[in-house]
Structure formats: C-alpha cells, structure tokens
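**Q** What follows is a predicted protein model with its sequence.
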Amino acid sequence: MGPGPSDIHPRVLQAMARPTIGHLDPAFIGMMDEVKALLKYAFQTKNELTMPVSAPGSAGMETCFVNLVEPGDKVIVCINGVFGMRMKENIERFGGEAIVVADDWGTAVTPAKVEAACCAHPDAKIVAFVHAETSTGACSDAKTLCEIARKHNCISIVDAVTSLGGVELRVDDWGIDAIYSGTQKCLSCVPGISPVSFSEKALDKVRNRSSKVPSWFLDLNLVMGYWGSGAKRAYHHTAPVNTLYALHESLVMLKNEGLENAWQRHANLHQELKIGLEEIGINFVVNEAERLPQLNSVWIPEGVDDAQIRSTLLNEYNLEIGAGLGDFAGKVWRIGLMGESCKKEKVLFCVAALKAVLGK
Ligand SMILES: *Cc1c(COP(=O)(O)O)cnc(C)c1O
C-alpha cells in the first residue's frame, strides 16, 4: 500500500505466464488492437494514437517531451512536487525553455497562476502539469488547466501516471493533447509499460518538427510503424510480449468493473481510510478538496521513528507503506489505495496495523 507498484490480481499474473509468441504473430497483433481499444476506453478518448510504450511511466513522460518539445520552444511547466520537477528536466534536456509555475508541495496547481504565465508568455507552445502528484497526494484540476492551455494556443502535456483508473479523467472531453500513464499504479498491472495518447493537434506538431526527434527509440513516427492503425506492422523493437498479456488482462478487468465504478471505489475506500486514520490521530497533508483518494499523504506523528515504523510494518505485518519523497522525506507517509490495493479488507488491515505499531 505504497505509491506503487500496487497489488496485482492473480488473473493478471496468470495471463503473464502464458506462452510467449512472436511480436509479429497474427494472434499477437490481434491482441495489440484490443489493447489499444481498451486503452482508449481507460483514457476516454478516440485518439488514434493511443498505445503502450514499452518502458515504465518515465518513458511515457519522455515520449511526450522528446516528441513535442523542439529546441527553443517555451514550455510552461507546473511544479508542485517531484514529478513536475522531472518534467522541467525533460524540457531543458530537449532544448526547451521552461517557464515555471510553482505551487507549494501538498497543494494543487493554481489555475490563475497558469493563466498569468500564459499571458506573460504569449509565445509559449506547451503547458505541462501533473494531474495526480504522487509525491504529495495533491490532485490538480486537469480540465481547467487544459482549457487555459487551449485558450492560449498551447498544447497540453498531462502526467496521469497515478490518476488513470483511480480518479475521473476524460482525455477528449477535457481536451488533453498528450498524456502518459503507468501500469503499476491504479491499473494494478506489473511495472514496465507506459500507456500514452496523442491528439491530432499534438501529432501535427510532431509531424511538422523542423528537426528530427532526438530519441530513436521514442520517436513516434517510427514507433507507429509497429503500433499504428492499419499499419502493416513492421518490426521496430521486440514488444514485451508477456507484459502486454498482463496489461491486456488488467484492462479487461477495469472495463468489466466499469471506469466510473473504479473511480467511485477509490473515493469510497479513501473515506474509510480517512476515518480510520483520524481515529488514531493521524492527519492528512493535503486539503480535503484537493486530496487524491489513491495516494494518501499523512503527517508522521510527533516523536515517531519513520524508518522503524515502516520496517516493522513490512517485517511483521507484510505491509508496505511509502516514505516521503524530496522535501517530505522523514515528515510524511504515503499510503496507496491503488487498484487491487484499494479493497476494504486492506484498508481495515492497514489501519489496524498502524494502530498496533504506534501503540494506540
Ligand atoms: C510513478 C510515477 C511516474 C514514473 O513512473 P515509473 O513507472 O516509475 O517510471 C511519473 N509520474 C508520476 C506522477 C508517478 O507517480
């Protein structure tokens, strides 16, 4: 019950153990098409370019920035935690100029600040932000932020690694242009794959670049030869065949549950966790209105040894909770309620274990 990887359903693990077939086998290609359709459902999009990148969430992040940022591009980047900082690093490595909109750790991105930055930099090309900041547990208003980007003729890049499957996310309705996620958070699949989706507007920017995409592996123009629609599938790299079996199974399970039901389950169990934690005197870092249900950042109680409590939970209760990252190291715990880890019995177990180890 940390910040991911989350627990994995036996169905997904069993899917992964099926025999490995060729990455150009007709049966595999049929499954690729199903994975793309299931991802469109999960992202709530009709974007043709919706596919899994063969590497973890960080590679999805890099796919967005390496394809969309051209040298000299001004990019407005919102930083309210660790992952916003990584976005800035990506922008600068690909020759862009980062215009930072900073918010305090543990708070959402402030739309008015993004609006002000867009007005101050009318030549900006992109607005980038993290929907669900896993380092702090804050959820930003992706719909409003994308509206602001669109109004100022900017393409939006959204990090949805922790949000996909856990909270409301609607790529088409909200006008998101480029988005990336991960498999090991609320999708409850094994780590190592990054679903991405690009709008036509984002693809136009990629197609009209004046310089080549500086990464061969992540260049969408090349990747689409293998993953593209109706493409005569050509070898680009060897797909992680068994990991994609697992992703397919976890997406089928999400579809069977229903996306809205999954969002509601995360919201409901977050409430249960909140009641249980508050009863033993543990308080949340993020304001109620901006809290992510799937990533609960709580203050470590006064006088409590962070590392010792976490290792007791791990060794005696077989329960992992997350440590604080960056500015929050040693100050907060991060309790994940992601996908399969978001079950009533796990919430009750977590609260009982914390109560016992804290001697309450
Ligand atoms: C986990 C995470 C990532 C990175 O994903 P990896 O699979 O670890 O590479 C990026 N952004 C956010 C918000 C995350 O939570």
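**A** Cool, got the structure.
**Q** what mean pLDDT does stretch 67-87 have?
**A** If you average the pLDDT over stretch 67-87, you get 98.
**Q** repeat for stretch 326-343
**A** Per-residue scores along stretch 326-343 average to 96.
**Q** And the residue in the stretch 151-300 of the chain that the ligand sits nearest to, what's its pLDDT?
**A** Nearest residue of the stretch 151-300 of the chain to the ligand: residue 161, at 3.5 Å (Cβ to the nearest ligand atom). Using the backbone N, CA and C atoms, a C-beta is placed for each residue, glycine as well. Per-residue confidence at residue 161 stands at 98 (pLDDT).
**Q** For my notes, confirm it occurs in a helix.
**A** No: looking at residue 161 with DSSP: H, G, I helix; E, B strand; the rest coil, it is coil, so not inside a helix.
**Q** isn't it right next to residue 59, touching?
**A** No: Residue 161 lies out of contact with residue 59 (Cβ atoms under 8 Å); the separation is 11.0 Å.
**Q** which residues in the chain form strands?
**A** 49-53, 74-79, 97-102, 126-130, 132-133, 138-139, 155-159, 178-180, 194-198, 295-299, 322-323, 332-336 (DSSP state E).
**Q** From the chain's centroid, how far away is the second one?
**A** Read that as strand 74-79. 18 Å (Cα atoms, centre = their mean, to the nearest Å).
**Q** and if you look at the fifth one?
**A** Using Cα atoms, centre = their mean, the distance from the centre of strand 132-133 to the centre of the chain it belongs to is 8 Å.
**Q** still on that earlier bit, between residue 161 and residue 59, which is the more surrounded one?
**A** residue 161 (29 against 21; other Cβ atoms under 10 Å).
**Q** In contact with residue 276, which residues?
**A** Taking Cβ atoms under 8 Å, 6 or more residues apart in numbering as the criterion, residue 276 is in contact with 347-348, 350-351.
**Q** whoops, residue 27 was the one
**A** residue 21.
**Q** what touches both of residue 161 and residue 59?
**A** Shared contacts of residue 161 and residue 59, counting by Cβ under 8 Å, 6+ apart, come down to residue 194.
**Q** still on that earlier bit, looking at the contacts of residue 276, which are in helices?
**A** 347-348, 350-351 (DSSP state H).
**Q** could I get those residues as TSV with distance to the ligand and neighbour count?
**A** TSV is the format used below for these (distance: Cβ to the nearest ligand atom, whole Å; neighbours: other Cβ atoms under 10 Å):
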residue	distance to the ligand	neighbour count
347	21	24
348	25	14
350	20	23
351	24	19
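**Q** The residues you listed: which two are farthest apart?
**A** 348 and 350 (7.4 Å; Cβ to Cβ).
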